[in-house]
Structures are given as structure tokens and as C-alpha cells.
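*Asks:* take this sequence and fold it.
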Amino acid sequence: MSQYLTKIDNPNHVKALTLDQLQGLAEEIRHELITGLAKNGGHLGPNLGVVELTMALHYVFNTPKDKFVWDVSHQIYVHKLLTGRRGRFDTIRSTGGLSGFALRSESDHDCYGAAHAGTALSAALGMCAARDQRGTDENVISIFGDAALTNGISFEALNNIAQTTQRFIGILNDNEWSIAKNVGAISGYLNKLITHPSYNKLAKDFERFLRRLPKGEVALKLAHKVEEGFKGALTEVWLQQNPGTLDADGRGGYGSSLIFEEMGLRYLGPIDGHNLPLLISTLEFARTCDHPIVIHVLTKKGKGFDAALKNPEKYHGLGPYDIATGATLPGKQGLPPNWQDVFGQTMVKLCQKDNTIIGITAAMPSGTSLKYLEKAMPNRYYDVGIAEEHAVLFACGMATMGFHPVCAIYSTFLQRAYDCIVHDAALQDLPVIFCMDRAGLSPQDGPTHHGLFDIAYLRHVPNCTLMAPKDEDELVDMMFTATHERHPTFIRYPRGPAEGVTIKDQPRLLEIGKAEIIQSFLNNGGRKVALFPLGNMMRLGRQAAARLVDEGYDVAVINPRFAKPLDAGTTEFFGRAADVVVTLEDHVVMGGYGSAVLELFNEKRITTPVNIVGWPDQFIEHATNVDDLRTKYGLTVENIVSKVRAEFASVTPLAAELSTIA
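*Replies:* Next up, the predicted model:
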């Protein structure tokens, strides 16, 4: 039974605990995380890793006056538990429940909303500048992961901190992982800071500060014990592998904090991120600093749960699992493969037949399923870290050399590379292929992950082709077709299970800008309705068509395939033949596929009314599942049928008009 956690309603209660009691609280929090997320899943591993760090932050600082800016903020569950939201913790990431990320509207203790990497340093620096302008004294603490340092925005912020403010606290939460294992030179650099025997020792003024604190000598001994532990455990291995490096002075050498120090930031660490006394003492010291400081904290992703420690990538974010074994619970039986798995497996087949195709991911090999290519053909696979801009530019460079690079990036993450899409890929008309996973809803993650804007942000860019498959077989056809194009090509597809359609042995080339007629008018004497469901809305379109036919309407169903270029001929034909047109898209209404149809009708002087079914002009919240949100916002068969009925209810039938005249 919980002894401490149930009594904590705000961070002040954390400050009232002794160190021994805090250790007990840490155990209770880990138990709450492991048991509380078992039913619905969530970001388990990252939160298990920051238990002590979060407790120490709340022990030393005072939110909401002091500001905690969490990079990505998927590791904010512990913060939520300590800031009055424990009673609703079982609702996290579900309909009407707590967000899985920081959300300013949810709590005063969440000072900045986030869910994309690399934002915390810049946002925190902006808060520091505002504080300095106002002349107030609040502390601003940016908690950023080592993975965030693979993102360019982080370095833009680091470049500006020292010249902007004298009071800035950065916590580098180093666990060696983003979702997948971190890649690149920064990851190697941080590892050298940890493992080299000449890494930055505890500063003399930090030692003096510790001695002044109550029980300071004890804290100092703990700090030295941590330091000696690292040196004793790792120095011998380092020397065996790197003889003759002890005299390195850090100028471009190994084991130096140079990258931070040269940017004007004081570097302290690395320190044990699970040692509460040391964390508290270090944060107390940071609070007194009159110079920007970065504290390098080492944490274990998944600490306290063996399954998460053994498989950090899987337990970064997962669905329901068994508490006793850690095994994830089996999903519904008989479901089709996920869209991203179809993509990943198709990439392997395409690469085996065409040596110009290359796979590129931005730290998401599992999420995009490029893991299949990584395993089968590692020499044709690149993970560039959380660096979407670089991923696109990197692909553009390869494309100038005769390759067909495939950037597998979530729709919402690709927004970060928008200038590169316009200025580099489109302007130069390069054959880069963009496979946009999560185009549509990512329900439990919410507005930061819903891919509802890509048609609007791509449709107006010259030279671009934008496709959306109705099923997995058509996805394979579109990928195959894209490899034969000499222009930037975008393919959008949703999260979750595909349609269960058999995939042909040999994909076929699609005619660019050509729609597919699924069902033409029956000429049954009923009012004519033309449905244009784009991509994964085809199932909904077919269901609506069946309902409308049952009610006596004459219904045509057209698979647009392309949001750009639009099939002007087919769209115009059915637009003129129909009494009403309904477009369906898993995208915002404004600027989307339906807008393209309206533009065409305006150009061709077609007066047939168009009803656009899509998402409204607002950010869509998180929910337990897609159906909850579609029901709330009217992306349903019932709403489509109601729109058609309403359209005809406002029109007086010709026979009735003639009768009235007579």
C-alpha cells in the first residue's frame, strides 16, 4: 500500500519528506507507473528513468513560479503525479483524460507544451529573457535528452544562451536513447565524456557549496563515491582500447566538456541520475549559479522494471502489457498488417530489385518500420537521428547523384522540414520520395502527432505529386510508381491496421493524376450523389454509399488517389453529372482535398454543391481511439447521409413546383 504518494497533492508535500522517505516515494512512483500503465500503455521506459530527477527538481524548485521545460515531455508522467493529477493518472492518453505530454491548459505546473524533440532549450531561453526583461527572480530549468542534441534547434539555442542571460539551468538527461538507440557523433561524444578518465571532475566551488549544506560532508562523500565508481569501472577498459590518451587536453580530444564550455555554458558532471542526495545537492548549487550551467545527468531508461531495461526501444511507448512478466498483451486476432509494416516490407522488396533506392529515417526505425530494411540491407539504410531537416537535405543530395531516396517521416514531424521540401526538393525538382506515416489521427498522442495538415502544406508547392492509397495493395503500387518518377513524390497513409486486401505479387505503375472509378451511377432514377473518399476514407465512403443506395439515391464512388495533380477530367465529369458531391478526407477541411475540388469547380463553372467531410479548423485533442474522435467531429456514415438529405431537403422537387404553378 502506498505510504507517501497518496498523500502528495502538490509539490510542497515532496519538500516535507526526509531523504529516506523520498527513497520510499521513488519506489511507490515506479510501482504506480508500472501498474497504472499496464491496462492502456504509454511512455513507460522514459518515465521510469526520471523518477529521482523529477523528485529532486520539485524538492529544490517551486513550480509553478519556477519553470520546468521538458523536451518532448513524454517523460512528464512523474511530474503529473507530483502536481495534483495523481487521481486522474489512470485516464492518461484516453478520451477526456490527461494528456500524455505537457499541456499548458491542463495545469499551471505545465509551463510549456511540447511533444516534438529539440524545443526545450530555445523555449526555456525565451522564458529566461522574458524574466530578465521583467526583473523577476524565477528559475527556468530545461530538461533535455541526449537525443535532443541530434536536433539542430538545440544547437541554435546553445549558441545563444550565454549572450542572452546569466541565469539558465539545463539538465542533460543522458540515457543513450531517443526511441531507438542514439546515433551519430554527439552520442559518441557524450559517451566519451562519461568513460574517459579525464572527464570533468566536481568543481572546487561545488565542493565548497556542498560542505556548507546540512550534512554536506555526507553529500560530498556520496558525490566522490559516484565519481570514483565511474573512474574505477571504466578507466581500465578505456585504457585497454585507447592506449596513450591520458594526456589529452580536451582541445578536440576525448573526454572534454569543451562543446558546452566553448559556448559559454558551465558544465558539471556526469552525475548519477538515480542518486537523490547528489541530485538535490547539485540542483541546489545550480540554483545559486550566476552563470549558465548544464548538468549532465546519467539515467537508466526503464529503471525498476526488468523488461523495460532489457528492451528500451519497445518500452519507450507501448500498449497494454502483463505486469508480472512485462510481455505485451496480444492484440485482436485476425487483423491485417499495419500500414507501416506494409511500407517497411515493401521497401526491402523494392531495394532488392533497384539499387538506386535508399531508406532514410529520423530516429524512427520501428515507428516507420524501416527496421525491416535495416535488418535485411543495412547498407541501404540511414538513421540520421532526430533531424528531419537534415534527413530531407541529405536525401536531396543523394537524389542529385541518381538515387531515389525514401524519407520515411511521420506527417506531423515532416512539418519541421518544410523549408527544405520547398527550397531544396521541390525547387530543384528532385526525385525524393516522402512516405508520410501517421497521416491522419494518432489518437492517444493527440494534436502534436495528428497528421492532419500535410495536404494543405504540400498541395500548393510546385513540382510535387501527392498520393493517398485506399488500401495496402494500392500503397505498394504507389511506392513502385514513385520510384519511376523524376519529381518529389509524397505518399500519405495512416497509423494502425490496413484494410486486409491481398497484395499483388507484382505491383503496377499508376498513371499520375488518374482517379479510379469504384462505382458509377446506376441510373436507378434516384438523386445522384458522387462520393470522393480520399485514401483511408474509402471504407467510410463505401459504407455511406451503401446506406444512401438503401435510401433510394443513385451513388457513384470515386477513388481520387491523387490530391495533386487532381484528375480534372474524372472530377469534372462526375461533378456535372451529380446533384451533389461529397468529398471525404482524413485531413483538415481548410486547404485539403475538398478545397482542391472546389477550386476546380470554380474554374470550370460547375455549380453542383460540394460538401466537404473532414476535420474542423482547430487542433484535435487526444482520445482512446480513432472512432471516439470521428464520432465527435462528424466523420461518420450518419453525418454523411445527413448532409446529403439536408442538401435535397432544401431543394423543392420539380414536380411539386409544377403542381404549385398549375
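*Asks:* what's the burial count for residue 447?
*Replies:* 18 (other CB atoms under 10 Å). (Glycine included, C-beta is placed from N, CA and C.)
*Asks:* my read: it touches residue 623, true?
*Replies:* No - applying CB atoms under 8 Å, one finds residue 447 not in contact with residue 623, separated by 10.9 Å.
*Asks:* quick one: the helices in the stretch 501-650 of the chain?
*Replies:* 538-550, 568-577, 593-604, 626-633, 637-649 (DSSP state H, counting those that start in this stretch).
*Asks:* dump the ones you listed to a markdown table, plus mean neighbour count, mean pLDDT and distance to residue 400.
*Replies:* Listed next are the helices of the stretch 501-650 of the chain as a markdown table, based on neighbours: other CB atoms under 10 Å; pLDDT from 0 to 100; distance: least, CB to CB, whole Å:
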| stretch | mean neighbour count | mean pLDDT | distance to residue 400 |
| --- | --- | --- | --- |
| helix 538-550 | 18 | 98 | 37 |
| helix 568-577 | 17 | 98 | 32 |
| helix 593-604 | 18 | 98 | 30 |
| helix 626-633 | 16 | 98 | 40 |
| helix 637-649 | 16 | 95 | 46 |
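*Asks:* and the ones you listed: which comes nearest residue 77?
*Replies:* helix 626-633 (21.8 Å; CB to CB).
*Asks:* helices and strands around the closest one, which ones?
*Replies:* The helices and strands touching helix 626-633, judged by 3 or more CB pairs under 8 Å, 6 or more residues apart in numbering; DSSP states H and E, number zero.
*Asks:* and the angle from that helix to helix 637-649?
*Replies:* 30 degrees (axes from the mean of the first three to the mean of the last three CA atoms, to 10 degrees).
*Asks:* can you start the count at 638 instead of 1 from here on
*Replies:* Sounds good: first residue 638 from here, last item helix 1263-1270.
*Asks:* give me the distance from helix 1263-1270 to the chain's centre.
*Replies:* Centroid separation for helix 1263-1270 versus its chain: 21 Å, with CA atoms, centre = their mean, to the nearest Å.
*Asks:* using CSV, write out every CA atom in that helix.
*Replies:* Extracted as CSV, the C-alpha positions of helix 1263-1270 are listed here (Å, rounded to 0.1, in the frame of the first residue of the first chain):
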residue,chain,number,x,y,z
VAL,A,1263,-9.9,7.0,-33.7
ASP,A,1264,-13.7,6.2,-33.5
ASP,A,1265,-14.2,8.4,-30.5
LEU,A,1266,-12.9,11.4,-32.3
ARG,A,1267,-14.6,10.6,-35.6
THR,A,1268,-17.9,10.3,-33.9
LYS,A,1269,-17.4,13.6,-32.0
TYR,A,1270,-16.4,15.6,-35.1
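*Asks:* contacts for it next, please.
*Replies:* Applying CB atoms under 8 Å, 6 or more residues apart in numbering, the contact partners of helix 1263-1270 are 732, 1077, 1078, 1080, 1133, 1252, 1253, 1257, 1258, 1260, 1272, 1273.
*Asks:* kindly report the same for stretch 997-1004.
*Replies:* With contact meaning CB under 8 Å, 6+ apart, stretch 997-1004 is reached by 784, 787, 815-817, 819-820, 950, 977, 1005, 1007-1008, 1011, 1018-1025, 1027-1028, 1031-1032, 1042-1047, 1050, 1074.
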